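> Turn this into a structure:
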Amino acid sequence: MVSHRRPPVSGPGRGARGGAVVALSAAAASAAAALGATPAGAAPADSPEATRATVDALYEQAERATDQYNAATDRVHALTTRLHTAQDALARGQARVNTMRGVLSSVVGAQYRSGGVDPSLALLLTSDPDTYLERASLLDRVGDRESGALHRLEDAERGLAQQRAATARDLAALRAGRASVARHKRTVQGRLDHARRLLAALPAADRDPYGRASRADDRFTLPTGAEGPASARAAAAVAAVRSALGRPYAWGASGPGSFDCSGLMQWAYAQAGVALPRTSQAQRYAGRRIPLSEARPGDLVAYRADASHIAMYVGNGQVVHAPYPGARVRYDPVTMLPVSSVTRV
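The predicted structure is shown next:
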């Protein structure tokens, strides 16, 4: 039996900062790879089966790229938040350095007027960072107290310069990440538009299988355990996902008016007070893995080996999910696609 080939919605310092930048770049590269090869368009003379196969490939490709887009977007948001925090810290650090410089300037000025300090010490208090080496060579002209204060000033200014450099790198990565996300968004939308045009060219009878839950994969054993939700939060998530029935699929959306597949799961569990990750690949690891035969309402069912689609089991052998562009949130058989994992949150 054909495995529910509905157009599967397949569709930004060092340390932690550096890791996020690398992760953002990796996500962008993965998305580019996912979007790299476009299935050949069906020619007008192709059979409806060949056209549907092309549409299936386009939607599956778009769904995989959608998760990459969502992951990259989350990283951009996280990096934006960290940059705001870093900029606040820079402002506070600069104010502290300015205060230290002002205090030292007053001390040196008083000593100079009394003839106690060489005039060249004024160089030590300049705001020009290029005078760090000059400061070091002049420290022997200052008393112990002023020397210690100058060391602390140098350390603070050196740290501030390093912070500025790290923040500048993050800002550049953020700008690149935003541009990459926008580029991938345009590419995925192109794939989806292509699929919609191919479907529109089919006779209504040949388009119909995409609009009903009539295809399922019979290789899987249906759940046979208790049909009640495993927890109160699972019950709340089931109620939420059912309340979304009929709302439209929208690429990259996470509710409440429209959803993509992982956006629907994230939103439904948020109504139960549970924070899920944004992507279906991450959601499959958001709880305890169980066999499909033990699935209960509220469990997350991930599809395909790469978990590029996800749904919520709601009992009676059915899931609720956001299927694909042009469709609405609906019920489908739990075996609509090859099941890769079931997760109890």
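> now the helices for the stretch 201-345 of the chain?
Across the stretch 201-345 of the chain, reading from the start of the chain, the helices by DSSP state H, counting those that start in this stretch fall at 204-207, 232-243, 261-270, 280-283.
> name the helices or strands packed onto the second one?
Yep, that's helix 232-243 we're talking about. Applying 3 or more C-beta pairs under 8 Å, 6 or more residues apart in numbering; DSSP states H and E, one finds that helix 232-243 contacts helix 261-270, strand 309-315. Backbone N, C-alpha and C define where each C-beta goes, glycine included.
> Dump the ones you listed into CSV; add mean pLDDT as well.
What follows is these, written out as CSV (pLDDT from 0 to 100):
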stretch, mean pLDDT
helix 261-270, 97
strand 309-315, 96
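> Using the three-state scheme, assign the residue nearest to A195 when sequence neighbours are not counted.
Beyond its immediate neighbours in the sequence, the residue positioned closest to A195 (C-beta to C-beta, 6 or more residues apart in numbering) is L58, lying 4.1 Å away. When the structure is reduced to helix, strand and coil (DSSP: H, G, I helix; E, B strand; the rest coil), L58 reads as helix.
> my read: L58 touches H194, true?
Yes: taking C-beta atoms under 8 Å as the definition, L58 is a contact partner of H194 at 5.8 Å.
> Which residue of the two possesses the greater neighbour count?
Neighbours per residue (other C-beta atoms under 10 Å) separate L58 from H194, with L58 holding more: 28 against 19.
> buried residues in stretch 328-344?
The neighbour-count criterion (16 or more other C-beta atoms under 10 Å) identifies 329-337, 339-344 as the buried residues of stretch 328-344.
> cool, stretch 256-273 as well?
258-272.
> ok, now stretch 56-68?
Neighbour counts using 16+ other C-beta under 10 Å place 56-68 of stretch 56-68 among the buried residues.
> ok, N70 - contacts?
Applying C-beta atoms under 8 Å, 6 or more residues apart in numbering to N70 gives the contacts G252, D260, S262, G263, R278, T279.
> Give me the neighbour count for R197.
R197 is flanked by 11 other residues according to other C-beta under 10 Å.
> what does G159 give?
Counted with other C-beta under 10 Å, residues neighbouring G159 total 12.
> surely it meets R96?
No: with the criterion set as C-beta under 8 Å, G159 and R96 do not qualify as a contacting pair; they are 10.2 Å apart.
> Which member of the contacts of N70 is positioned nearest A166?
The shortest gap between A166 and any of these belongs to R278, at 26.0 Å (C-beta to C-beta).
> Surely the closest one and Q266 touch.
Yes: using C-beta under 8 Å, R278 and Q266 qualify as a contacting pair, with a distance of 6.0 Å.
> where do the contact lists of these two overlap?
By C-beta under 8 Å, 6+ apart, R278 and Q266 have these common neighbours: S254.
> quick one on the thing from earlier: can you redo the helices and strands packed on helix 232-243 as TSV with distance to P223?
Below are the helices and strands packed on helix 232-243 laid out as TSV (distance: least, C-beta to C-beta, whole Å):
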stretch	distance to P223
helix 261-270	18
strand 309-315	7
